[in-house]
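In: I need the structure of the sequence given here:
(chains A and B)
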2 protein chains.
Amino acid sequence: MKTPPSLLSLTIDSAVLNLSNISDLSPIPAHILLDLLLRILKAGKLTEKVLRLFIATGKDEVLSLVQALNIQHIFTPVLPTNKVKVLLAFEKHFAETKQDFSLLDNLYSAAQKMSQVNIIDNEVDIVIGALHSDMTSFMNAWRPVFSRFHLIIIKDPDLQEELQIPEGFNIDVYTKSDIDRLVGSSTSVLFSGYSCRYFGFLISRKKYVVCVDDDCIPAKDNTGNSVDAVAQHIVNLKTPATPFFFNTLYDPFCKGADFVRGYPFSLRSGVDCALSCGLCLNLADLDAPTQALKPEQRNLRYVDAVLTVPLRTMMPVSGINIAFNREAVGPALVPALRLVGEGKLRWETVEDIWCGMCVKVICDHLGLGVKSGLPYVWRTERGNAIESLKKEWKGVKLMEDIFPFFQSVSLPQSATTAEDCVIEMAKTVKEQLGKVDPMFSEAAEAMEEWIKLWKLVGSGQSS
Amino acid sequence: MKTPPSLLSLTIDSAVLNLSNISDLSPIPAHILLDLLLRILKAGKLTEKVLRLFIATGKDEVLSLVQALNIQHIFTPVLPTNKVKVLLAFEKHFAETKQDFSLLDNLYSAAQKMSQVNIIDNEVDIVIGALHSDMTSFMNAWRPVFSRFHLIIIKDPDLQEELQIPEGFNIDVYTKSDIDRLVGSSTSVLFSGYSCRYFGFLISRKKYVVCVDDDCIPAKDNTGNSVDAVAQHIVNLKTPATPFFFNTLYDPFCKGADFVRGYPFSLRSGVDCALSCGLCLNLADLDAPTQALKPEQRNLRYVDAVLTVPLRTMMPVSGINIAFNREAVGPALVPALRLVGEGKLRWETVEDIWCGMCVKVICDHLGLGVKSGLPYVWRTERGNAIESLKKEWKGVKLMEDIFPFFQSVSLPQSATTAEDCVIEMAKTVKEQLGKVDPMFSEAAEAMEEWIKLWKLVGSGQSS
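Out: This next block holds a predicted model:
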């Protein structure tokens, strides 16, 4: 037989139900406050506001309980209540094993990282390589996204016409003469074509750099809303990456996602994310042979996911839509591999593919993460793929040598910065790939030269 | 100045536009037929039907051209035309380098694998572990998907009540007495709780096995259509996996997807896929602490993607919604790790997590692939997560030992079948993990026992 509830118990139940009407708890005796607080915890109703009411009573017993439950610094409304519920369950059963709690801490720290990421305007540079002179429709399409940030536009040195850029942006434009003045025209690092963007990476002073090709406009998500690609990239970079173990629900730090059953708790705090690789809707970043084979193919599948590319897994990084932590890996984004017949169409280039392989290996070495997936951009560029086959085929063939090299390359433990890593990698490229194709020796030289430039020009601290 | 078109040229243009009306080409002179065929190729209009018309003319010139272009064995309508276009471009520019064509072949073979997968009813067993006696609503929900296949239902030996299963299915039901009769009751392999399904894996004689927990019903995709989970699993298993290099557009063999620029051509043919891991909507497969922390959390994000989990990347395989190639890896799906406090809720178990780690390592060793992603099922089970913490916590802690073990374990080259691999792994588990927890020694024994059972009962050829 159950004992009927006491009058006090009923009163407390009623108080829990009517929490929102209570503005002062100080007249209530301490032992009742303790009961009430526990009852609120049990009901999952502890919010920051309610917590403040309890703390405002100033009663030692209450403050001790709050402190004992370690809820004083947590302000996400849902979290502390459940944290306490879970802690109570754990405390009851496992108080003896201290180690358990350290694992549990990973659960909470991960959960906290999931809350709103703060995007700070002056931490971000948008770097755009202008390969077309009329930037009007491009800039206007991006206006709602770009206007709060500083933009660096690098005009392709091969482009003759004046750039047309609409008003209303905070932009610095750099042209061939700026490039020549700053890095000299005799350098083996070439900033023409798509590689002009790398000059922007060099002169940026911000923590994060976001890049989008000038033939892309904002995409729409599955619900028809325009995607804020910059915000998504920064969220990707500011939330941890999890390269050591695959999470089947993709990025556990995305809203609504989490670590699944079986994911080791010790790996849940993750590592810093250094590179965020976005994707393209409409025209995917295919190579010329694939594009020629499927001229009508369009990528219309909006895959609503971000994932960490696992440790030691190689990937083809597309430069069309990327962002990176410049402080962590800036020097590793290096313009190095240039095809003899490189043109002004993405599928005629491999500079970004090479650079991506370098960054991935360096991130793996430095214990940093690389994410792929959201955000999408809508890509409109077209060219004649069959015409491009002549130029691009060389790049396709090079990949057969590039892939096994990067899969097996290892960097010495003494390389502890992105600069060190690029220098070490250049050495190995020269030794191992130099004999395969002279293009690789040139790439290695460009990598060494790039690090010199970075130390001279690019190593300024972020503002 | 452009020469005006000839009458013949205009006639051929007209013929290309009106191809569908032409039923016989034999009266047309051979040289005009050659012109027409090339013009059709150029227009991208060569279909199987049109090709048959040309072949039916029996003219040597036509047959030679068809043969020279190597289009005689390709029947996918869109492919051959573009293949020819691409080949012509390549032939023009690179006729001298024979090696190029072997890479190109991978492009075509990959493209061909993307075409419709044929799902053969008698290649598939659906295996269901019945943990609840009333299967009526579960079976009715799955009727449109399951009814064409043979089902194996294993009743949890701990379940007392009679199973209620609606009419209209091709089912074999197995109970405790069947299990005892076939494998004996003294075995260290236990088929109770969720592990009862493994008995179904043992007695199946089909190439593919698909499993769904009995608290899941078909999910709806982003467009509101009911997902055929079995069809998606079989597509995953019948199309190649690509574990050696990450494709940013996910599974390149999904409809509308492809390999991106920079993906090495030599890796595009992929490897056989042996395991397909589906996901859950509504209630994700979280562990008890996470579920306790976020009791209201629901997984509503339908991520429209399948991907190959890369080589050497460990993952937590959920047994809720999986399929596998039984001929290739059946013996590797082993019921081995049993928690002392294991209950009848998924988050109180780790048998599938352990089994998944085994299968992944074995697939990596045997050169087989594992995919994760689609299909989703809609999961409805609930339990009290806080109550479960007591039981489940042990599993969470074990993962901290399990993960580094599986990450570093390597199998000898002499192990060339899934059976060999399980035996070798059991040895290593005993040696390395046995001292950590006696539970691991028991798991190793169960693995050895399982292989004996498999050789005795399970190794029958597929029908």
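
In: please make it C-alpha for all contacts and neighbour counts, starting now.
Out: Will do.

In: surely residue A:327 is within a strand?
Out: No: secondary structure of residue A:327, determined by DSSP: H, G, I helix; E, B strand; the rest coil: helix, with no strand assignment.

In: for the helix or strand hosting residue A:276, C-alpha coordinates in PDB please.
Out: Element membership of residue A:276, judged by DSSP states H and E, is strand A:273-282. Extracted in PDB, the C-alpha atoms of strand A:273-282 (Å, rounded to 0.1, in the frame of the first residue of the first chain):
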ATOM      1  CA  CYS A 273      38.700  21.300 -37.000                       C
ATOM      2  CA  ALA A 274      41.100  23.000 -39.400                       C
ATOM      3  CA  LEU A 275      39.400  22.600 -42.800                       C
ATOM      4  CA  SER A 276      35.800  22.600 -43.900                       C
ATOM      5  CA  CYS A 277      35.000  21.300 -47.400                       C
ATOM      6  CA  GLY A 278      31.600  22.300 -48.800                       C
ATOM      7  CA  LEU A 279      29.900  20.800 -51.800                       C
ATOM      8  CA  CYS A 280      28.200  22.000 -55.000                       C
ATOM      9  CA  LEU A 281      24.600  21.600 -56.100                       C
ATOM     10  CA  ASN A 282      23.600  21.700 -59.800                       C
END
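
In: hmm, the helix or strand that it is followed by touching chain B?
Out: Going down the chain from strand A:273-282, the next helix or strand is helix A:288-293, by DSSP H and E. Yes: against chain B, helix A:288-293 shows contacts by CA under 8 Å from any CA of the partner chain at A:289-290, A:292-293.

In: now render these as JSON lines, adding distance to residue A:21.
Out: Converted to JSON lines, the residues of helix A:288-293 next to chain B look like this (distance: CA to CA, whole Å):
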{"residue": "A:289", "distance to residue A:21": "68"}
{"residue": "A:290", "distance to residue A:21": "65"}
{"residue": "A:292", "distance to residue A:21": "68"}
{"residue": "A:293", "distance to residue A:21": "68"}
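
In: between those, which is closest to chain B?
Out: Distance to chain B across these (CA to the nearest CA) is lowest for residue A:293, with 5.0 Å.

In: show the model's pLDDT score for that closest one.
Out: At residue A:293, the model reports a pLDDT of 79.

In: which stretches of chain A form strands?
Out: Under the criterion DSSP state E, chain A contains strands at A:124-130, A:150-155, A:170-174, A:208-212, A:216-218, A:273-282, A:306-308, A:321-325, A:369-379.

In: looking at these, which is nearest to residue A:57?
Out: With CA to CA as the criterion, residue A:57 lies closest to strand A:273-282 of those, at 42.8 Å.

In: give me the residues contacting the closest one.
Out: By CA atoms under 8 Å, 6 or more residues apart in numbering or on different chains, the residues outside strand A:273-282 that reach it are A:219, A:233, A:236-241, A:298-302, A:317-318, A:320-325, A:328-329, A:363, A:368-380, B:248-249.

In: nearest residue to the residue of the stretch 101-250 of chain A found nearest chain B in space, please, no chain neighbours.
Out: At 4.8 Å from chain B, residue A:246 is the closest residue in the stretch 101-250 of chain A, using CA to the nearest CA. Among residues not flanking residue A:246 along the chain, residue B:315 sits closest, at 4.8 Å (CA to CA, 6 or more residues apart in numbering or on different chains).

In: which among the residues of helix A:288-293 next to chain B gets closest to residue B:407?
Out: Closest to residue B:407, out of all of those and judged by CA to CA, is residue A:290, at 35.7 Å.

In: pLDDT at that closest one, what is it?
Out: Predicted confidence (pLDDT) for residue A:290: 84.

In: neighbours of it, how many?
Out: 25 (other CA atoms under 10 Å in any protein chain shown).

In: list buried residues within the residues of helix A:288-293 next to chain B.
Out: Buried members of the residues of helix A:288-293 next to chain B, counted by 16 or more other CA atoms under 10 Å in any protein chain shown: A:289-290, A:292-293.

In: returning to what we had before: what's the burial count for the residue of the stretch 101-250 of chain A closest to chain B?
Out: Residue A:246 has 24 nearby residues by other CA under 10 Å.

In: give the contact list for the closest residue to residue A:203 other than its chain neighbours.
Out: In space, and not counting its chain neighbours, residue A:203 is closest to residue A:458: 5.6 Å by CA to CA, 6+ apart. Residues in contact with residue A:458, defined by CA under 8 Å, 6+ apart, are A:201-205.

In: residues near residue A:169, how many?
Out: 15.

In: what's the pLDDT at it?
Out: So, for residue A:169, pLDDT stands at 96.

In: likewise residue A:177?
Out: On pLDDT, residue A:177 comes in at 94.

In: same thing with the one 4 residues further on?
Out: For residue A:181, the model assigns a pLDDT of 92.

In: just checking, residue A:443 touches residue A:339?
Out: No: between residue A:443 and residue A:339 there is no contact, the gap being 10.1 Å when judged by CA atoms under 8 Å.

In: name the residue in these two with the higher neighbour count.
Out: Legend: neighbour count by other CA under 10 Å for residue A:443 and residue A:339, higher for residue A:443 (25 against 17).

In: name the residues of the stretch 351-463 of chain A found near chain B, please.
Out: Residues of the stretch 351-463 of chain A found near chain B (CA under 8 Å from any CA) are A:353, A:372-373, A:386-387, A:389-390, A:395-397, A:399-400, A:403.

In: hmm, 7 Å instead?
Out: Contact residues (CA under 7 Å from any CA of the partner chain) of the stretch 351-463 of chain A with chain B: A:353, A:372, A:386, A:390, A:396, A:399-400.

In: which of these scores worst on pLDDT?
Out: Among these, residue A:390 has the weakest pLDDT, 65.

In: returning to that earlier point: of the contacts of residue A:458, grab the buried ones for ChimeraX.
Out: For the buried members of the contacts of residue A:458, the matching ChimeraX selection, counting by 16+ other CA under 10 Å, is:
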select /A:201,202,204,205
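
In: mind putting the contacts of residue A:458 in TSV, distance to residue B:183 and pLDDT included?
Out: Shown next, in TSV, are the contacts of residue A:458 (distance: CA to CA, whole Å; pLDDT from 0 to 100):
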residue	distance to residue B:183	pLDDT
A:201	66	97
A:202	69	96
A:203	71	96
A:204	69	97
A:205	69	96
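
In: pick the one among the contacts of residue A:458 closest to residue A:133.
Out: For the contacts of residue A:458, the residue nearest residue A:133 by CA to CA is residue A:201; the value is 20.7 Å.

In: and the closest one, how far is that from residue A:215?
Out: Distance, residue A:201 to residue A:215, using CA to CA, to the nearest Å: 20 Å.
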